[in-house]
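Visitor: Need the 3D shape of this:
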Amino acid sequence: MWPRIGGLRTLALGTPGELRASLNTLVLTGVKTATAGLTTEYAEENEELEQVGERLALVDDHDALVGVVEVTGVEVVRFADVPWDFARSEGEGDRSIEEWREGHSGYWARQGTPVTDDTEIVCIRFRLVSTGDAVTTGDLST
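Guide: Below is the predicted model:
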C-alpha cells in the first residue's frame, strides 16, 4: 500500500534524488501535467487505479508534502499505444513519441521491469491545485 498524507495517496515521481526533484519542479511550475506508471506496480502494492477527481499528495524524497494535484484523466493503454499528446504532457522534454518510448523503456528496465509493446501503462493526467504553505493548511481533500 502506498503512503498516505492527510488521507490522500502520495505521488512520488521517478526515483529519489535529482530525478524526483526535477520532476516535482516541472509539476510545481505547471509544465508537467501527466505521469505514466505500470499496472504491475498497482497489483504489487495492492492499490486501485486513481480516479478522476481524486487528489494526490505530491511528495519529495523524504515523503514530505510539496503540492497537491487533482487527477483529470486516467487511461490504461499498451506501451506501443501511448499517444504523443499524453507523452508531451509529461513535460520532460521529449521531442517525439519514439524518444518518449525510448526514455521510459530505459527507465523501467533500470528499475528491473523491462517493458514490451504490450505492457499495460497507466496514463494519469492531473492539474496542480496547491503548492508550498497552502498545502499545509486546511483540508487537503477539498
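
Visitor: pLDDT below threshold where in this protein?
Guide: Within the chain, the stretches with pLDDT under 70 are 132-142.

Visitor: biggest strand in it by residues?
Guide: strand 65-78 (DSSP state E).

Visitor: and the gap between Leu13 and Val69?
Guide: 10 Å (C-beta to C-beta, to the nearest Å). Bear in mind the C-beta positions are built from the backbone N, C-alpha and C, glycine included.

Visitor: So the two - more neighbours on which side?
Guide: Val69 (26 against 19; other C-beta atoms under 10 Å).

Visitor: OK, contacts around the closest residue to Val59 other than its chain neighbours?
Guide: Of all residues not flanking Val59 in the chain, Thr10 sits nearest, at 4.8 Å (C-beta to C-beta, 6 or more residues apart in numbering). For Thr10, the contact set (C-beta atoms under 8 Å, 6 or more residues apart in numbering) comprises 2-4, 56-59, 63.

Visitor: about what we covered before: got any residues that touch both of Leu13 and Val69?
Guide: 27, 58.

Visitor: contacting residues for the closest residue to Ser22 other than its chain neighbours?
Guide: Among residues not flanking Ser22 along the chain, Gly14 sits closest, at 7.7 Å (C-beta to C-beta, 6+ apart). Gly14 makes contact with 20, 22-23, 107 under the criterion C-beta under 8 Å, 6+ apart.

Visitor: Kindly report the same for Ile124.
Guide: 34-37, 50, 71, 73-74.

Visitor: Quickly list what it is bridged to.
Guide: Counting by DSSP bridges, Ile124 forms beta bridges with Thr35, Val74.

Visitor: got it, and Glu70?
Guide: Counting by DSSP bridges, the residues bridging with Glu70 are Arg55, Arg127.

Visitor: That one - how many residues pack around it?
Guide: So Glu70, with other C-beta under 10 Å, has 15 neighbours.

Visitor: What separation is there between it and Cys123?
Guide: 16 Å.

Visitor: which ones are touching the residue lying closest to Val82 once chain neighbours are set aside?
Guide: Closest residue in space to Val82, ignoring its immediate chain neighbours: Ile121 at 5.7 Å, by C-beta to C-beta, 6+ apart. Applying C-beta under 8 Å, 6+ apart to Ile121 gives the contacts 36-39, 76-79, 82, 115.
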